[in-house]
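Engineer: what's the 3D shape of this:
(2 chains)
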Amino acid sequence: MEVLESGLGELFQKPDVWGFREWVHKHKDKTLTSKLMTEQEAVAKFVKDGDYLGTELYGTVRAPMSLTREVIRQGKKHLKLAGQGIHEIDLLLAADLVDTLDITYIAWEVYGISSILRRAVESGRVKTADWSNGAITWRFKAAAMGIPFIPTLSMLGTDTLKNSSAKVVKCPFTGQKVALLPALFLDVGLIHVHRGDKYGNCQIDGISGFAFELARASKKLIVSAEEIIDTEEIKKYPEHTIIPFFLVDAVVHAPYGSHPGEMCYNYWRDEGHLMNFLEDSKDIVKTKAYMDKYVYGPKNHDDYIKLVGIDRLKKLESMIGGR
Amino acid sequence: MADYNETEFLICVASRLMQDRTIAFVGTGIPMLAASLAKKMHAPELVVAFEFGGLGASLDKLPLGVGDSRTFHKALIASGICDAMETAQRGFIEYGFLGGAQIDMYGNLNTTVIGKYWPPKVRLPGSGGANDVASHCWKTIAIMRQHDTKRFVKKLDFLTTPGYLTGPGTREEAGLPPNTGPYRVVSNLGVMGYDDKSKRMMLLATNPGITKEQVVQNSEFEMLVADKIAVNPEPSAQELKILREHVDPDKLYI
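Structural biologist: Residues are numbered from 1 along each chain as shown, chains lettered A, B, ... in the order given. The predicted structure follows:
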């Protein structure tokens, strides 16, 4: 296949299909063993410096915040990230733990651009490659399929493609131009779900974003769950199970694990908290104060919950819409 | 004359472009409000698509983002990004609504950087779903809240999202689907379309009190002007009532 154009962006994580197969063959445990552990244990055991990390979420919704805060507390550094999020990436960038970003969209939607992202990238501290939202998800999909690349008709003709590591080729079947996206195999995936069992069988309510793909594209997968339930309950509704246990390395019970973000059907977004954070994030000193108070201050997620206050969290529960 | 602000007018103009019994891909902000207003006015069967997988939501409550629970409240389906984007890539989605920091005369958009790519002078959010939406939807409509020479530019700092690229035929040459591309631009000064032959942006209608000269002067590139310029009707009392009382009663956006 003739390569017609090559994106000039750096390929931060080379697709290693055989390496991924060997890894999961060797490491993924198919025995029914409880993987329940704390955030501290999960992050200490499965995240290391230099890892390529992926978080699954929709903006601030169903974001693995308790896991992210723990990654920062443990100071895992020189991380590579795929950015389709916001608050969790802002925190990791503010903690100066990130070297590279495969970025599709990092901003606060209607509230505007991220001051922390601006400081990190404009100063040259963090290297970037750009992708569309579809493209980065299809990169996970390719990894989930166990193949080295996937064709798409997105990104063609644009600087987005030029600053990614996609390639344009002539389709051997139709002769048309297609963009090839390299599979994105993650060292570690972090996902927050509505419920799971102690083995790691997990269910998500509502839209599923890119949970299905990211879970399958991860060498090591840490899930946190609002609720831990019996396997028998999970098995009553297998059609709701999006992650089977054999994909999972650690299960963390994290009620309000997406706070200050939303968890659909469970609790609404904490607008007050986020508005304060957004204001603080404009200033380096105030950003540090926020980090000290909400990330480094609490020893663990239980501490964080106490700090935020159960009354406040109950109020967010009462604000979430029903079906 | 009804009393209304610029944002309300933009929402009404964008809303009138939404057609019943079509699918529209929308993002946060004005497109969301416009879609909600359209569903309550003239397009009850409009299917609204959000990139994280909410398709066909009621929009009875205004979402704060493209993935919150309101994007799939009483929806047709709650799926995921792949399904949403692939539905567009398969040719199912008529309209895509976008925004940007800069737009050029071919309707290409920049939401990535100001200055060079890296390290940039200003790092903007990035494509998000915009590149996918503009690549695959049949017609794209850009909403530009501020029409001035810094935003309607001769040359983008970065071409994030494809319009007609560098002119007629160039989308197809790049491999993008035939017969797709920019359709309208809604700004605070008026509504633009594209000249059939040259694919260059052309003023079609001004907002009340705005002259075509103002639109031309506030565009850095040479704005074409249609032979006959319409005037966008002001928001009707009914549009304003629905917008204020039902679309955004909590005043999140307006």
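Engineer: Pop out the phi and psi values for the closest residue to chain A within the stretch 1-150 of chain B.
Structural biologist: Distance from chain A to each residue of the stretch 1-150 of chain B (CB to the nearest CB) is smallest for B:G67, at 2.3 Å. Placement of C-beta: from N, CA and C, glycine included. B:G67 has phi and psi values of phi -130, psi 10 when expressed as degrees, to the nearest 10.
Engineer: quick one, what contacts it?
Structural biologist: A:57-59, A:61, A:207, A:209, B:50-54 (CB atoms under 8 Å, 6 or more residues apart in numbering or on different chains).
Engineer: let's go with 7 Å and repeat that
Structural biologist: In this structure, B:G67 makes contact with A:58-59, A:61, A:207, A:209, B:52, judged by CB atoms under 7 Å, 6 or more residues apart in numbering or on different chains.
Engineer: What of A:F245?
Structural biologist: A:199-201.
Engineer: how near is it to chain B?
Structural biologist: 21 Å (CB to the nearest CB, to the nearest Å).
Engineer: picking up where we left off before, from the contacts of A:F245, which are also near chain B?
Structural biologist: Counting by CB under 7 Å from any CB of the partner chain, nothing from the contacts of A:F245 sits close to chain B.
Engineer: Now, those residues that are in helices?
Structural biologist: Within those, no residue falls in helices by DSSP state H.
Engineer: With adjacent residues omitted, what lies nearest to the residue in chain A positioned nearest to chain B?
Structural biologist: In chain A, the residue that lies nearest chain B is A:Y58 (2.3 Å; CB to the nearest CB). Leaving aside its chain neighbours, A:Y58 sits nearest to B:G67 (2.3 Å; criterion: CB to CB, 6 or more residues apart in numbering or on different chains).
Engineer: got the residue ranges for the strands in chain A?
Structural biologist: For chain A, applying DSSP state E gives strands covering A:3-6, A:52-55, A:79-83, A:98-103, A:127-130, A:149-152, A:167-170, A:177-182, A:186-196, A:202-203, A:218-228, A:241-243, A:250-253.
Engineer: count of residues packed around residue 234?
Structural biologist: With no chain named, the answer covers chain A. Using other CB atoms under 10 Å in any protein chain shown, the number of residues around A:I234 comes to 20.
Engineer: nope, chain B please
Structural biologist: B:E234: 18 neighbours (other CB under 10 Å).
Engineer: what does A:E233 give?
Structural biologist: A:E233 has 13 nearby residues by other CB under 10 Å.
Engineer: Quick check: it vs A:D197, distance?
Structural biologist: Distance, A:E233 to A:D197, using CB to CB, to the nearest Å: 8 Å.
Engineer: what does A:K236 give?
Structural biologist: 12 Å.
Engineer: Let me see the ranges of the helices in the stretch 151-254 of chain B.
Structural biologist: B:170-174, B:212-217, B:237-242 (DSSP state H, counting those that start in this stretch).
Engineer: Might you quantify the distance of stretch A:274-294 from its chain's geometric centre?
Structural biologist: 22 Å (CA atoms, centre = their mean, to the nearest Å).
Engineer: Correction: the previous question concerned stretch A:315-323.
Structural biologist: The answer for stretch A:315-323 is 24 Å, by CA atoms, centre = their mean.
Engineer: Just the residues contacting that stretch, thanks.
Structural biologist: Contacts for stretch A:315-323 (CB under 7 Å, 6+ apart): A:265-268, A:270, B:61, B:69-70, B:73.
Engineer: still on that earlier bit, any idea of the pLDDT on the residue nearest to A:Y58?
Structural biologist: pLDDT, B:G67: 93.
Engineer: So which bits of the stretch 101-250 of chain B are right by chain A?
Structural biologist: Near chain A, when you scan the stretch 101-250 of chain B using CB under 7 Å from any CB, you find B:112, B:117-120, B:122-129, B:131-132, B:135-136, B:158-162, B:165, B:170-171, B:174-177.
Engineer: For PyMOL, what selects the buried ones among the residues you listed?
Structural biologist: Remark: buried members of these, expressed as a PyMOL selection using 16 or more other CB atoms under 10 Å in any protein chain shown:
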select buried, chain B and resi 112+117+118+119+120+123+124+125+126+127+128+129+131+132+135+136+158+159+160+161+162+165+170+171+174+175+176+177
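Engineer: As CSV, the contacts of A:F245 with pLDDT and neighbour count would be great.
Structural biologist: Formatted as CSV, the contacts of A:F245 follow (pLDDT from 0 to 100; neighbours: other CB atoms under 10 Å in any protein chain shown):
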residue, pLDDT, neighbour count
A:Y199, 98, 20
A:G200, 98, 27
A:N201, 98, 26
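Engineer: Next, format those as JSON lines and append distance to A:D292.
Structural biologist: Output for the contacts of A:F245, formatted as JSON lines (distance: CB to CB, whole Å):
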{"residue": "A:Y199", "distance to A:D292": "37"}
{"residue": "A:G200", "distance to A:D292": "33"}
{"residue": "A:N201", "distance to A:D292": "37"}
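Engineer: Show me how far the longest helix belonging to chain A is from its chain's centre.
Structural biologist: If you go by DSSP H, chain A has its longest helix at helix A:133-145. A distance of 13 Å separates the centroid of the chain from that of helix A:133-145, by CA atoms, centre = their mean.
Engineer: do it and chain B meet at all?
Structural biologist: Yes - with CB under 7 Å from any CB as the criterion, chain B is reached by helix A:133-145 at A:133-134, A:137, A:141.
Engineer: and the stretch 201-323 of chain A, which of its residues are near chain B?
Structural biologist: Neighbours of chain B within the stretch 201-323 of chain A, by CB under 7 Å from any CB: A:206-210, A:212-213, A:262, A:264-265, A:269, A:320-321.
Engineer: how about the strands in chain B?
Structural biologist: Using DSSP E, strands in chain B cover B:23-25, B:47-49, B:54-55, B:77-78, B:95-99, B:102-103, B:109-110, B:113-114, B:122-123, B:139-144, B:181-187, B:190-194, B:201-206, B:224-231.
Engineer: Pull the contacting residues for the closest residue to A:P244 other than its chain neighbours.
Structural biologist: Distances taken as CB to CB, 6+ apart place A:N201 nearest to A:P244, at 5.9 Å, with adjacent residues excluded. Counting by CB under 7 Å, 6+ apart, A:N201 makes contact with A:231, A:234, A:241, A:243-245.
Engineer: One more: B:P178?
Structural biologist: So B:P178 contacts B:E172 (CB under 7 Å, 6+ apart).
Engineer: phi, psi of it?
Structural biologist: phi -60, psi 150.
Engineer: re the thing from before, out of the contacts of stretch A:315-323, which are buried?
Structural biologist: The buried subset of these (16+ other CB under 10 Å) comprises A:266-268, A:270, B:61, B:69-70, B:73.
Engineer: winner for burial among the helices of the stretch 151-254 of chain B?
Structural biologist: Mean neighbour count (mean count of other CB atoms under 10 Å in any protein chain shown) peaks for helix B:170-174 among the helices of the stretch 151-254 of chain B, with a mean of 19.
Engineer: mind exporting it as PDB, just the C-alpha atoms?
Structural biologist: Presented in PDB, the C-alpha positions along helix B:170-174 are these (Å, rounded to 0.1, in the frame of the first residue of the first chain):
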ATOM      1  CA  THR B 170     -10.300  19.800  -2.800                       C
ATOM      2  CA  ARG B 171     -12.400  17.900  -0.300                       C
ATOM      3  CA  GLU B 172     -12.900  15.100  -2.700                       C
ATOM      4  CA  GLU B 173      -9.200  15.100  -3.700                       C
ATOM      5  CA  ALA B 174      -8.300  14.800   0.000                       C
END
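Engineer: Could I get the full set of helices for chain A?
Structural biologist: A:17-27, A:39-46, A:65-73, A:87-94, A:115-122, A:133-145, A:159-162, A:211-216, A:231-236, A:271-281, A:284-290, A:301-308, A:310-319.
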